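Undergrad: Return a 3D structure for these sequence lines:
(one chain, ligands or ions: 4)
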Amino acid sequence: MKKRGWLIVLVVPLLVGAAISAEVPEHPVRQFVGVTKCKKCHTSAKKGGQFKVWSESRHAHAFEVLASDSAQAIAGRKGVKDPQRAQECLQCHVTGYGEPADHFAATWSDSQGVGCESCHGAGSDYWNKTVMQDIRFGKATPEKFGLTIPTKETCAKCHNEKSPSGRFVDWPADSAKISHKIPKGADKIED
Ligand code: HEC
Ligand code: HEC
Ligand code: HEC
Ligand code: HEC
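TA: Numbering: from 1, shown residues only. Ligands and ions are numbered 1, 2, ... in the order given. Sure thing, here's the model as predicted:
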């Protein structure tokens with residue numbers, strides 16, 4: 001009996017400790033938080049400057065481009081009047097199109113175009129530092145917190161025969177064009 005008592009004293013705190021490291025918070029729904037949240041921690045050049053790479057990519061301008069002459073021409077062929085308001089265009093030009101309104105935090109905006117969460121999934125459960133590091137260092141599974149490690153299929157949601165060019169994503173070449181990797185060893189740097 002005595003022995004078992006000790007076992008509980010030793011094992012229970014271990015289990016509680018494991019639970020503290022990264023538990024999925026009980027949010028009523030998982031929300032798209034928008035790129036400004038990710039920017040806070042993903043700007044450091046030493047760590048690959050993901051926010052800068054993204055903001056200089058076409059994805060960051062995917063909503064804006066719907067106001068261009070070129071968009072008007074594409075829209076005209078489909079009988080669409082205002083591309084920035086049309087489901088026919090927005091489904092591939094903004095993050096989370098078609099999701100219910102309560103799946104968007106106030107910090108999300110359509111003007112951010114194809115944001116981080118278009119490829120990485122709605123961020124409300126994974127965007128805090130503990131979770132991010134636990135995922136990075138293999139202590140938590142990304143899917144459990146809604147984080148997607150993108151593959152060719154992620155891109156094919158938009159880069160498919162229904163896009164204006166009808167071109168499928170060229171993997172890995174197109175992925176290399178938008179690459180924003182963390183340089184080797186850099187994720188151990190504190191900043
Ligand atoms: C509070 C800070 C913080 C915020 C906010 C944040 N991250 Fe992170 N993220 C980190 C840290 C820390 C790492 C681990 C690597 C490192 O040290 O740079 C990481 C790693 C990642 C990884 C790599 C995971 C892996 O498996 O290697 C992805 C992808 C990622 N973040 C995406 C995002 C996206 C998208 C957002 C916005 C929705 C976001 N992060 C917001 C701090 C943050
Ligand atoms: C199935 C997803 C999808 C839909 C629907 C879609 N787009 Fe796009 N759009 C893309 C992708 C992907 C690109 C990047 C270039 C490419 O590979 O087609 C793009 C590029 C563009 C461009 C920039 C390149 C260019 O041709 O000038 C414009 C403008 C554009 N789309 C307008 C529209 C308009 C207007 C609509 C609605 C009538 C629309 N798109 C509907 C996915 C889509
Ligand atoms: C939510 C829809 C969406 C997803 C998901 C998406 N893209 Fe795009 N992508 C677009 C749109 C829309 C454009 C065009 C934006 C513009 O021209 O303003 C684009 C443009 C691009 C471009 C530049 C145009 C070109 O043809 O050279 C590259 C490269 C690209 N995407 C690669 C990728 C890769 C790789 C993935 C997957 C990891 C991906 N995209 C996922 C919608 C998407
Ligand atoms: C168009 C799709 C797309 C968008 C938008 C996007 N990413 Fe990524 N991201 C990827 C792909 C693809 C990878 C590489 C996955 C792999 O390692 O094979 C990746 C990897 C990462 C990594 C891990 C890099 C590493 O070295 O392991 C981080 C961190 C990250 N993204 C953060 C962000 C942040 C922050 C944003 C927005 C500012 C963002 N991503 C926007 C597709 C995207």
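Undergrad: burial measure for the residue lying closest to Thr141 once chain neighbours are set aside, as a count.
TA: Among residues not flanking Thr141 along the chain, Ile135 sits closest, at 7.5 Å (Cβ to Cβ, 6 or more residues apart in numbering). All C-beta atoms are positioned from the backbone trio N, CA, C, and that covers glycine. Counted with other Cβ atoms under 10 Å, the neighbours of Ile135 add up to 19.
Undergrad: Of all the residues in the helix or strand containing Ile135, which ones are buried?
TA: Element membership for Ile135, per DSSP states H and E: helix 129-136. Within helix 129-136, the residues that count as buried by 16 or more other Cβ atoms under 10 Å are 131-132, 134-135.
Undergrad: now do stretch 73-82
TA: 74-75, 80.
Undergrad: helices and strands of the protein: which one has the lowest mean pLDDT?
TA: helix 2-21 (a mean of 49; mean pLDDT, DSSP states H and E).
Undergrad: what comes up buried for the very next helix or strand once past it?
TA: Scanning forward in sequence from helix 2-21 by DSSP H and E, the next helix or strand is helix 35-39. Within helix 35-39, the residues that count as buried by 16+ other Cβ under 10 Å are 35, 37-38.
Undergrad: same question, stretch 93-100
TA: Going by neighbour count (16+ other Cβ under 10 Å), the buried part of stretch 93-100 is 93-96.
Undergrad: Could you confirm whether it reaches ligand 3?
TA: Yes: interface with ligand 3: stretch 93-100 contributes His93 (Cβ under 6 Å from any ligand atom).
Undergrad: now stretch 169-184
TA: Yes: residues of stretch 169-184 contacting ligand 3 under Cβ under 6 Å from any ligand atom: 169, 174-175, 177-178.
Undergrad: residues contacting His42?
TA: 48-51, 116 (Cβ atoms under 8 Å, 6 or more residues apart in numbering).
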